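# A predicted structure for the sequence below; I have some questions about it.
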Amino acid sequence: MNRPSSPPSEPRPPQRNDSVLPVAVLLLVLSAAAIFAAGLSLGSSAGGRDAAERAAMEAFIETYRRINDDYLGEAQPDELLEGAIRGMIETLDDPYSAYLGPDDFESTFDEISGRFEGIGARMDTQASDGASCPRIETGCLLRVVEILPDTPALAAGLRVDDVVTAVDGRSLEGQTIEDAVRLIRGPRESLVTLALTRDGQSLELPITRGLIASQDVRSALLADGQVGYLRIDGFSSGAGDAFETALGEQLAEGVRRLVVDVRADPGGLVDAAVEITSQFLADGPVYWEEDAQGRQHAVRVQGGGLATDPAIEVAVLVDSGTASASEILAGALQDAGRARLVGERTFGKGTVQEWTQLPGQSGGLRLSVAKWLTRDLEWVQDVGLRPDVEVAAGERFWPVSDDDAVQAAALAADAQLQHAVNMLLAVEAPAATAPPG
C-alpha cells in the first residue's frame, strides 16, 4: 500500500504508498567524502553503531575510493552510488521495495496526482487460473485488462486479453507489474513498442504515448435506479473527493442499496482508502499499522461520512486483483459488519511502503516499513480477504450504455455484480431519507 499507493516532481518528505504516514526524515545519499567526514568510518559520531557496521562502512568507502582512483576504465561517481543503493535494496528480495531513478520517481508521483504520461491501458499479472501473481514468468503473464477511452492504446489497436511479453525489445521475464509499467510509460509523443501474444499469435504493436487522465471512480444506477454502482480503479490523491461526489449524487436520488467495486484495483494512497472507508463507518479504526519494532497503532475513521446509516445496504465486489488500499477498504467494511464481500479471495498485500526522495537528483526509495492489519487485527499478507459470498468471475461490467438492452446484457454477463445486485434487492428497501450534509 502506498502513501504519500501504486505513484513526485520536486523534493518532498517521505511518502507512503498503500502505506502509511508521511514521516519527517530524509534518507541522505552521501558521497564517500561526506560519509568519512560524518565519522561513520572513524566512529567519531557513530554513537550506538556497532563495530561491524562501522567496518562495513569502511569497506564501502574503500571500494568506492579504489574504483574512483585506480580503476583502469571509466567510472562515474553518481552511477557508483546509484548502483550501491540499488544493490542494497535488491538484497532485500522484496518485490515492493525498490530504488527509483529521478525520472521513474517523478513519474510515480505524477500517477498519484491522477495524471501521467503513458498509453492508457490497465494491466494485471495473472496466473493461468486468473489469479494475480507477483512476478512475470512462466505461468504468470502480464495481461491487458482494460483499455481506457480516448487513449493512445485504443487508437493503436491494443486489446483486452493481449499478453505483453516485452517492451522495446526488453523481455519482462522476472519483472514485477510496477517494473513493467515503468517501462511502458514515458514522455508524451515518444514511441513504445509492445511485444504481444494475441490469440496464440505473436505481434509487435507500436504506440505513441500521450497524457492520460486517470478516472479512478465511476458510477452508474442499476436495477431501474434501485442500486447504486460505484467502481474504484485506483486510490489516487483525488479518489476520495471523487467518490464522495458520486456517492452523494446517488444518495440524493434516493438510492439505499450500494455496490462498491474494487476488483482488479491494485491500491494506491492509504489516505484515500481512509477517506472512502470513512464514508461508511461512523467511528473506530479503519486499520492498524505495526512498525518494524512490533508497535501497533490504529488509524481511525475521519467522521462525517455520507453513508454511515446502517439502513443503507452495501456490498463490496472483490477478486484476486483486489490489493493493498482496496483491501483496507474491503477489510474494514467486512470486519465492521458494514458490508458483505462478494467475489473471490483478494490478493493479500499487507505491507506498507514509504516513499523517500533522496537529495539532489538522486531519485528515491520505495521501502516496506510496516505491516497493516485489518480492523480486527488480522494480517492479510499472502492470505487475502475471504469473501462472505464466493462467486466465480465472469465478464466485468462496464461501460454503462444508454441502450437498456446492452446494459442489461453487460450486467447479466458479470456474475459477481449480478449476484450482489440480487442480494441487495432481496433486502427490504429502507425508507429514503436525505443524506447528511
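Arrived safely.
# Could you pick out the longest helix of this structure?
helix 51-70 (DSSP state H).
# now it: how far from the chain's centre is it?
Distance of helix 51-70 from the chain centroid (C-alpha atoms, centre = their mean, to the nearest Å) equals 37 Å.
# can you pull the buried residues of that helix?
54, 57-58, 60-61, 64 (16 or more other C-beta atoms under 10 Å). Glycine gets a C-beta too; all of them are placed from N, C-alpha and C.
# One more: stretch 308-319?
308, 312-319.
# on that earlier part again, quick one: mean pLDDT for the longest helix of the chain?
Taken as a whole, helix 51-70 has a mean pLDDT of 90.
# what's it packed up against?
When contacts are defined as 3 or more C-beta pairs under 8 Å, 6 or more residues apart in numbering; DSSP states H and E, helix 51-70 sits against helix 32-37, helix 77-90.
# Which of those helices has the lowest mean pLDDT?
helix 32-37 (a mean of 29).
# quick revisit: using CSV, lay out the helices and strands packed on helix 51-70 together with distance to residue 223.
Converted to CSV, these look like this (distance: least, C-beta to C-beta, whole Å):
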stretch, distance to residue 223
helix 32-37, 65
helix 77-90, 49
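# Let's have those helices in TSV, adding distance to residue 174 and mean neighbour count.
Shown next, in TSV, are the helices and strands packed on helix 51-70 (distance: least, C-beta to C-beta, whole Å; neighbours: other C-beta atoms under 10 Å):
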stretch	distance to residue 174	mean neighbour count
helix 32-37	32	15
helix 77-90	12	14
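# What is the neighbour count of residue 358?
Residue 358 is flanked by 21 other residues according to other C-beta atoms under 10 Å.
# quick one: pLDDT of it?
With respect to pLDDT, residue 358 has a value of 88.
# Over to it: give its phi and psi.
phi -80, psi 150 (degrees, to the nearest 10).
# One more: residue 142?
Given degrees, to the nearest 10, the pair of backbone angles that residue 142 has is phi -90, psi 110.
# ok, now which ones touch it?
123-125, 136, 163-165, 172, 177, 180 (C-beta atoms under 8 Å, 6 or more residues apart in numbering).
# one more time with 6 Å
Contact analysis of residue 142 by C-beta atoms under 6 Å, 6 or more residues apart in numbering lists 123, 125, 136, 164, 172, 180.
# Strands - which of those land there?
Per DSSP state E, strands hold the following members of those: 123, 125, 164.
# For the first one, list each beta-bridge partner.
Spelled out, that is residue 123. residue 144 (DSSP bridges).
# coming back round to it: format the contacts of residue 142 as TSV; extra columns: pLDDT and neighbour count.
Below are the contacts of residue 142 laid out as TSV (pLDDT from 0 to 100; neighbours: other C-beta atoms under 10 Å):
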residue	pLDDT	neighbour count
123	90	22
125	90	22
136	94	23
164	97	22
172	96	24
180	93	19
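# nearest to residue 98, of these?
Within these, proximity to residue 98 (C-beta to C-beta) peaks at residue 180, which comes in at 12.8 Å.
# How about the contacts made by the closest one?
So residue 180 contacts 142, 172 (C-beta under 6 Å, 6+ apart).
# chain center to the helix or strand hosting residue 287: distance?
In this assignment (DSSP states H and E), residue 287 forms part of strand 285-291. How far strand 285-291 lies from its chain's middle: 18 Å, per C-alpha atoms, centre = their mean.
# ok, residue 335 to residue 280 distance?
12 Å (C-beta to C-beta, to the nearest Å).
# sorry, back to before: so what touches the strand holding residue 287?
20, 274, 277, 296-301, 328, 332, 370-373, 375, 377.
# So which of these sit within helices?
Using DSSP H, the contacts of strand 285-291 in helices are 274, 277, 328, 332.
# what about the last one, how many neighbours?
Burial of residue 332 is recorded as 27 neighbouring residues (other C-beta under 10 Å).
# ditto for the second one
Other residues near residue 277 number 27, with proximity taken as other C-beta under 10 Å.
# pretty sure it is touching residue 332, no?
Yes: Residue 277 lies in contact with residue 332 (C-beta atoms under 6 Å); the separation is 4.9 Å.
# if we can go back for a sec, tell me the one among the ones in strands among the contacts of residue 142 nearest to residue 246.
Taking the ones in strands among the contacts of residue 142 together and measuring to residue 246 by C-beta to C-beta, the closest member is residue 123, at 24.8 Å.
# how close does the closest one sit to residue 332?
27 Å.
# next one: residue 260
12 Å.
# again, but for residue 136
Residue 136 sits 31 Å away from residue 332, going by C-beta to C-beta.
# try residue 426
For residue 426 relative to residue 332 (C-beta to C-beta), the value is 24 Å.
# same deal with residue 205?
From residue 205 to residue 332 the distance is 40 Å (C-beta to C-beta).
# cool, and residue 278?
For residue 278, the distance to residue 332 - C-beta to C-beta - is 9 Å.
# now do residue 262
With C-beta to C-beta as the criterion, residue 262 and residue 332 are 12 Å apart.
# got it, and residue 267?
14 Å.
# helix, strand or coil for residue 305?
Three-state call for residue 305 (DSSP: H, G, I helix; E, B strand; the rest coil): coil.
# Just give the number of residues close to it.
22.
# What is the least confident helix or strand in this structure?
helix 32-37 (a mean of 29; mean pLDDT, DSSP states H and E).
# could you dump the buried residues of helix 51-70 to TSV with distance to residue 104?
What follows is the buried residues of helix 51-70, written out as TSV (distance: C-beta to C-beta, whole Å):
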residue	distance to residue 104
54	32
57	27
58	31
60	24
61	27
64	24
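# Farthest pair within those residues?
Longest span within the buried residues of helix 51-70, C-beta to C-beta: 54 and 64, 15.6 Å.
# quick one: buried residues of the strand holding residue 287?
Buried-residue list, strand 285-291, by 16+ other C-beta under 10 Å: 285-290.
# Between all of the residues you listed, which two are separated the most?
Among those, 286 and 290 lie farthest apart (C-beta to C-beta), at 14.5 Å.
# For residue 262, list the residues it contacts.
Per C-beta under 6 Å, 6+ apart, neighbours of residue 262: 232, 322, 326.
# Let's have those in CSV, adding pLDDT and secondary structure.
Formatted as CSV, these follow (pLDDT from 0 to 100; DSSP: H, G, I helix; E, B strand; the rest coil):
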residue, pLDDT, secondary structure
232, 97, strand
322, 96, coil
326, 97, helix
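# For ChimeraX, what selects the buried ones among those?
Provided next is the ChimeraX selection string for whichever of the contacts of residue 262 are buried by 16+ other C-beta under 10 Å:
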select :232,322,326
